[in-house]
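Enquirer: Coordinates for the following, if possible.
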Amino acid sequence: MALEITGRVIQLLPEQSGTGKNGTWVRRDFVIETTEQYPKKVCFSGWGDKAAIVNSLQTGQNVNVSFNPESREFNGKWYTDLRAWKIDAGVQAQGSPENFSDLNQFSSTGSVGDSGSSTDDLPF
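Expert: Alright, predicted model coming up:
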């Protein structure tokens with residue numbers, strides 16, 4: 001399952017590294033805020049070579065992140081990780097809040113069921 005989200009980088013977390021049974025690993029997390037009417041904050045993980053891409057990001061930069069969600073159980077608790085597998089930096093934000101200012105500018109003329117009566121707006 002591959003998902004995609006666009007937002008603005010609001011925080012870059014410190015790089016983490018270690019050694020596991022498959023060798024050394026590097027991970028860097030970053031948080032973006034979506035540009036929807038009701039913005040959401042989402043934390044992603046960049047593993048391996050993606051951590052180097054996260055290192056090149058800057059706070060305030062618009063990004064498009066393709067990711068895979070993955071959950072795992074440990075000691076009876078579930079943990080979810082959003083692993084970024086593609087990070088496109090410098091994209092144009094879509095659905096930014098300033099685009100929502102035009103939502104209330106609808107014309108009331110020519111409505112469905114318009115009977116020509118100016119006193120009753122109802123179509124029935």
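
Enquirer: and the gap between the closest residue to residue 89 other than its chain neighbours and residue 21?
Expert: Nearest residue to residue 89 in three dimensions, chain neighbours excluded: residue 63, at 5.2 Å (C-beta to C-beta, 6 or more residues apart in numbering). The C-beta positions use only the backbone N, C-alpha and C, and glycine is treated the same way. Counting by C-beta to C-beta, to the nearest Å, the gap from residue 63 to residue 21 is 32 Å.

Enquirer: Looking only at neighbour counts, state which of those two leads.
Expert: More crowded of residue 63 and residue 21, by other C-beta atoms under 10 Å: residue 63, with 22 against 4.

Enquirer: host element of the more buried one?
Expert: Assigned by DSSP states H and E, residue 63 belongs to strand 62-74.

Enquirer: elements contacting that strand?
Expert: Counting contacts by 3 or more C-beta pairs under 8 Å, 6 or more residues apart in numbering; DSSP states H and E, strand 62-74 packs against strand 3-20, strand 77-89.

Enquirer: still on that earlier bit, which strand residues bridge the residue nearest to residue 89?
Expert: For residue 63, the beta-bridge partners are residue 7, residue 89 (DSSP bridges).

Enquirer: List the contacts of it.
Expert: Residue 63 is in contact with 6, 7, 8, 9, 32, 57, 87, 88, 89, 90, 91, counting by C-beta atoms under 8 Å, 6 or more residues apart in numbering.
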